[in-house]
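J.: Quick one, fold the following:
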Amino acid sequence: MKNSTTLLFFFLLVFSCTKKEVKKEKQEVLEPILKDPIVQIDYESKEEVSKLVFTVQIAALRNSNEKFANIANVSLHQENSLTKYRLGAFETYKEAREFRLKISNEYKGAFVQALKNNVPISITEALQK
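T.: Take a look at the predicted model:
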């Protein structure tokens, strides 16, 4: 009986002293996989941009989000109480569409957005010009 009590105490001691490893998952920021360089636009420039630009919008949120804000080369736009996160600046709709396809696994709801003078316009209107 004494041996079984000692053995039980020993096992309790061993199991209670071992540290359980708790894995903390890293909170990673997804960055798009880019093979082609992205043309950047200076959205804060005082000069009016008369050129039509296509970009890929990856999110539109009521509150700002650090995960999206920390993505390399992302541009933030405030519109109608939403913070919109966009990637890239392309001269053609085809280039923007190809880029959207490349990042579609990381950003499921991404879509091409046309900008004229830094103001969103419909794709239909943009393609008629």
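
J.: Now do the contacts for Leu61.
T.: Neighbour list for Leu61: 68, 82-83, 85 [criterion: CB atoms under 8 Å, 6 or more residues apart in numbering]. The way it works is simple: take the backbone N, C-alpha and C, and place the C-beta from them, glycine included.

J.: Kindly provide the distance from Leu87 to Gly109.
T.: Separation of Leu87 from Gly109 (CB to CB, to the nearest Å) stands at 13 Å.

J.: for this structure, which spans come out with low pLDDT?
T.: 1-50, 129 (pLDDT under 70).

J.: With adjacent residues omitted, what lies nearest to Ser81?
T.: Arg62 (6.6 Å; CB to CB, 6 or more residues apart in numbering).

J.: about what we covered before: list residues touching both of Leu87 and Gly109?
T.: Contacts common to Leu87 and Gly109, judged by CB under 8 Å, 6+ apart, are Ile58.

J.: neighbour-wise, which of these two wins?
T.: Using other CB atoms under 10 Å, the more surrounded residue of Leu87 and Gly109 is Leu87, with 24 against 9.

J.: Phi and psi next, for that one.
T.: For Leu87, the backbone dihedrals are phi -120, psi 140 (criterion: degrees, to the nearest 10).

J.: ok, for it, nearest residue in space, not its chain neighbours?
T.: Val56 (5.0 Å).

J.: which residues touch the one you found?
T.: Contacts of Val56 by CB under 8 Å, 6+ apart are 86-88, 96, 99-100, 103, 110-113.

J.: Can you report how many residues lie near the residue nearest to Ser81?
T.: Arg62 has 8 nearby residues by other CB under 10 Å.

J.: Surely it is in contact with Glu79?
T.: No - using CB atoms under 8 Å, Arg62 makes no contact with Glu79, being 11.6 Å away.

J.: buried residues in stretch 105-113?
T.: 107, 110, 112-113 (16 or more other CB atoms under 10 Å).
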